[in-house]
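Engineer: what follows is a predicted protein model with its sequence.
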Amino acid sequence: MSLKIRLARGGAKKRPYYRIVIADARSPRDGRFIDKIGSYNTMLPQGDEKRVQIDLERAKHWLKMGAQPTDRVTLFFARAGLVAMPERRQQSKQDQPKAKAQERLKAQAAKDGGEAAPAA
């Protein structure tokens, strides 16, 4: 049985409240869980100490037992000093022009730059 440390959503519509729980990886997001180790209230301001609450002793215990935290929970743990800060993911390049269009842009910039230099 693989264990995950993840968020389980609660709260009303457009007013989310999350519990940080230990759950079987196969169980649904808001379904059955093994242990509740904290909470995350997105409605509180960024600097509020009650925004993210974690029972550090239970979190250490479950990490020792082999539970894998999700990306968001890993950030919470890193800020609390339980794990190392994860590396930032590289942003996808989908929004950039394709290779030929980039070559044309470079050629156009070189052409414009070459004409502007003698005039100055």
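Structural biologist: Now that the structure is in, tell me what you want to look at. All figures in this text were calculated on a predicted structure; none of them were measured in a lab. Numbering: from 1, shown residues only.
Engineer: now the strands for this structure?
Structural biologist: Under the criterion DSSP state E, the chain contains strands at 3-12, 15-24, 35-40, 52-54, 68-69.
Engineer: for the fourth one, name the packing helices and strands.
Structural biologist: Judged by 3 or more Cβ pairs under 8 Å, 6 or more residues apart in numbering; DSSP states H and E, strand 52-54 is in contact with strand 35-40, helix 71-80. Glycine gets a C-beta too; all of them are placed from N, C-alpha and C.
Engineer: over to the third one?
Structural biologist: Packing partners of strand 35-40 (3+ Cβ pairs under 8 Å, 6+ apart): strand 15-24, strand 52-54, helix 56-64.
Engineer: mind listing the strands the second one pairs with, and their directions?
Structural biologist: Yep, that's strand 52-54 we're talking about. Sheet pairing of strand 52-54 (DSSP bridges) gives strand 35-40 (antiparallel).
Engineer: for the record, mean pLDDT for the partner strand?
Structural biologist: If you average the pLDDT over strand 35-40, you get 96.
Engineer: list the buried residues for it?
Structural biologist: By neighbour count on 16 or more other Cβ atoms under 10 Å, the buried set for strand 35-40 is D35, I37, G38, S39, Y40.
Engineer: could you do stretch 40-52 as well?
Structural biologist: Those buried within stretch 40-52 under the rule 16+ other Cβ under 10 Å are Y40, V52.
Engineer: list the residues that contact the residue most central in space within the chain.
Structural biologist: Compute the mean C-alpha point of the chain, and by Cα atoms, centre = their mean the closest residue is R72, 4.2 Å away. Under the criterion of Cβ atoms under 8 Å, 6 or more residues apart in numbering, the neighbours of R72 are L7.
Engineer: ok, now how distant is it from G31?
Structural biologist: 18 Å (Cβ to Cβ, to the nearest Å).
Engineer: swap in T70?
Structural biologist: For T70, the distance to G31 - Cβ to Cβ - is 15 Å.
Engineer: how about R79?
Structural biologist: 27 Å.
Engineer: what of Y17?
Structural biologist: 17 Å.
Engineer: what of T74?
Structural biologist: T74 is 22 Å from G31, by Cβ to Cβ.
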